[in-house]
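Student: Below are the sequence and a predicted model for it; my questions follow.
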Amino acid sequence: MSQSATFGFRDVDPEEKPRLVRGVFDSVARRYDLMNDLMSAGVHRLWKDAMAARLNPQPGERIVDCAGGTGDMARRYAALARRAQERRGGADAEVLVIDYNGEMIAAGREKGYPPEVIWAVGDAQRLPLPDGCADAYSIAFGIRNVTDVAAALREARRALKPGGRFLCLEFSRPVTEALQKVYDAYSFKVIPAVGETVTGDRDAYQYLVESIRRFPDQRRFAAMIEQAGFSRVGFTNFTGGVAALHHGWAV
């Protein structure tokens, strides 16, 4: 692990970052999904739908949804696996939501969830899973909050079976300078103010905006995924690179 970790625009002790991040999500957990809708005008739902379709959950598979928060991706995976099961049979899928923050999981459980979904508090850097146990691993808008991103990627590779699928949806870099300027203005002037109005916590959303800027761009992150041992790594830009879906295979 490096001697420092990023927390927004600050560099902090790696041992301090988990506590700081936990404080952010403790604060916004109950209104996290609402804030995502407000911040993205609902577009994050389209990105997540595309991610679920790309993962293509199948009956009998074990899918790990890391940093799964309130379970919005897990519910998508369960629904797609069930539809496939209704068409051609097979065993129930298992979607394991793992999140470091118990408040986020509690908020997700309160919303109700299908029987395929299982919840666990756990660390992306030290997954509570045996080697080679999962058919697919996903992490949506969570990896930039991890203290050691490279360690989390290696853990994802360890937990996947040979041929397992890896998908990571994360905010990234707009592909044009004009879009970057508009995105920066919106991010720094609008999002923290809306966060303060809706959740009463401006600092939490200031951190979320800053953390996006500190995260590696598309190509640097793809290189990190390859270094973790994944093959056939690539990415798809969404909304001009505001977000990107990275993918790889454990082969």
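Tutor: The structure has been received and is ready for your questions.
Student: who does the residue positioned nearest the centre of the chain bridge with?
Tutor: Centroid-nearest residue in the chain, with C-alpha atoms, centre = their mean: residue 140, separated by 2.0 Å. According to DSSP bridges, the residues that bridge with residue 140 are residue 169.
Student: Residue 172 is in contact with residue 217, isn't it?
Tutor: Yes - between residue 172 and residue 217 there is a contact at 6.3 Å, judged by C-beta atoms under 8 Å. Backbone N, C-alpha and C define where each C-beta goes, glycine included.
Student: Can you pick out the residue with more neighbours from these two?
Tutor: residue 172 (25 against 11; other C-beta atoms under 10 Å).
Student: So what's the residue count around the closest residue to the more buried one other than its chain neighbours?
Tutor: Once flanking residues are discounted, residue 172 sits nearest to residue 244: 3.9 Å by C-beta to C-beta, 6 or more residues apart in numbering. By the criterion of other C-beta under 10 Å, residue 244 has 23 neighbours.
Student: Residue 244 falls within a strand, correct?
Tutor: Yes - under DSSP: H, G, I helix; E, B strand; the rest coil, residue 244 falls within a strand.
Student: show me the contacts for it.
Tutor: Residues in contact with residue 244, defined by C-beta atoms under 8 Å, 6 or more residues apart in numbering, are 169-170, 172, 218, 221, 235-238.
Student: Tell me the buried residues in the helix or strand containing residue 225?
Tutor: Assessed by DSSP states H and E, residue 225 sits inside helix 218-227. Using 16 or more other C-beta atoms under 10 Å as the test for burial, helix 218-227 gives 218, 221-222, 224-225.
Student: same question, stretch 188-197
Tutor: 191-192, 195.
Student: With stretch 162-172 instead?
Tutor: Neighbour-count burial for stretch 162-172 flags 164-172 (criterion: 16+ other C-beta under 10 Å).
Student: What of stretch 85-93?
Tutor: Result for stretch 85-93 [16+ other C-beta under 10 Å]: buried residues 85, 93.
Student: any idea of the mean pLDDT in that stretch?
Tutor: On average, the pLDDT along stretch 85-93 is 97.
Student: Can you give the distance from that stretch to the centre of its chain?
Tutor: Mean-position distance between stretch 85-93 and its chain equals 26 Å (C-alpha atoms, centre = their mean, to the nearest Å).
Student: For it, give me every contacting residue.
Tutor: Residues contacting stretch 85-93 (C-beta under 8 Å, 6+ apart): 57-63, 77-78, 81-82, 84, 115-116.
Student: List just the nearest of those to residue 44.
Tutor: For these, the minimum distance to residue 44 (C-beta to C-beta) is 16.2 Å, reached by residue 77.
Student: Alpha carbons of the helix or strand harbouring that closest one, in CSV - could you do that?
Tutor: Secondary structure from DSSP H and E places residue 77 in helix 72-88. The C-alpha coordinates for helix 72-88 follow below in CSV (Å, rounded to 0.1, in the frame of the first residue of the first chain):
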residue,chain,number,x,y,z
ASP,A,72,-29.7,-1.2,-6.9
MET,A,73,-27.3,-3.2,-9.1
ALA,A,74,-28.1,-6.5,-7.2
ARG,A,75,-31.8,-6.0,-7.9
ARG,A,76,-31.1,-5.6,-11.6
TYR,A,77,-28.9,-8.8,-11.7
ALA,A,78,-31.5,-10.8,-9.8
ALA,A,79,-34.3,-9.7,-12.2
LEU,A,80,-32.3,-10.6,-15.3
ALA,A,81,-31.2,-14.0,-14.0
ARG,A,82,-34.8,-14.8,-13.1
ARG,A,83,-36.0,-13.9,-16.6
ALA,A,84,-33.4,-16.2,-18.1
GLN,A,85,-34.4,-18.9,-15.6
GLU,A,86,-38.1,-18.6,-16.6
ARG,A,87,-37.1,-19.0,-20.3
ARG,A,88,-34.9,-22.1,-19.9
